[in-house]
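Enquirer: Sharing a sequence plus its predicted fold:
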Amino acid sequence: MVRVDVGRTNHMQCLLYPSRDILEHQELYNNILTTFSELFEWIEMVMKEFLPEDYEVLVELGQNLPGGE
């Protein structure tokens, strides 16, 4: 018996975890994180101001992702 269009998803594979590179190069990772956090804060501010409805949808969807707040 063969089932068509049926699959299984291992949701444990979708969970984020720090890679060995991040752990080995912690200072570089922190610098990149700091730099991009400023960029993402700016993007958030612009989206809230110019696309408030789309922003709210993205916030709701982001909360469903692993690590979402």
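Expert: Arrived safely, thanks for sending.
Enquirer: Helices of the protein, start to end?
Expert: Taking DSSP state H as the criterion, the chain contains helices spanning 20-24, 26-50, 52-63.
Enquirer: Residue 45 and residue 39: what is the separation?
Expert: Distance, residue 45 to residue 39, using Cβ to Cβ, to the nearest Å: 11 Å. C-beta: built from backbone N, CA, C; applies to glycine.
Enquirer: ok, now residue 48?
Expert: Distance, residue 48 to residue 39, using Cβ to Cβ: 15 Å.
Enquirer: And these two? Which one has more around it.
Expert: Each of residue 48 and residue 39 has its neighbours counted (other Cβ atoms under 10 Å); residue 48 has more, 13 against 9.
Enquirer: my read: that one touches residue 55, true?
Expert: Yes - counting by Cβ atoms under 8 Å, residue 48 touches residue 55, with 5.2 Å between them.
Enquirer: Any idea which of the helices of the chain gets closest to residue 8?
Expert: Minimum separation from residue 8 across the helices of the chain (Cβ to Cβ) falls at helix 52-63, 23.5 Å.
Enquirer: quick one, what contacts residue 50?
Expert: For residue 50, no contacting residues are found, by Cβ atoms under 8 Å, 6 or more residues apart in numbering.
Enquirer: Please apply the same query to residue 41.
Expert: Neighbour list for residue 41: empty [criterion: Cβ under 8 Å, 6+ apart].
Enquirer: Kindly state the pLDDT recorded for it?
Expert: Predicted confidence (pLDDT) at residue 41: the value is 94.
Enquirer: As TSV, the helices of the chain with distance to residue 8 would be great.
Expert: Below are the helices of the chain laid out as TSV (distance: least, Cβ to Cβ, whole Å):
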stretch	distance to residue 8
helix 20-24	28
helix 26-50	33
helix 52-63	24
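Enquirer: Any idea which of those has the lowest pLDDT on average?
Expert: Per-stretch mean pLDDT for those is lowest at helix 20-24 (a mean of 86).
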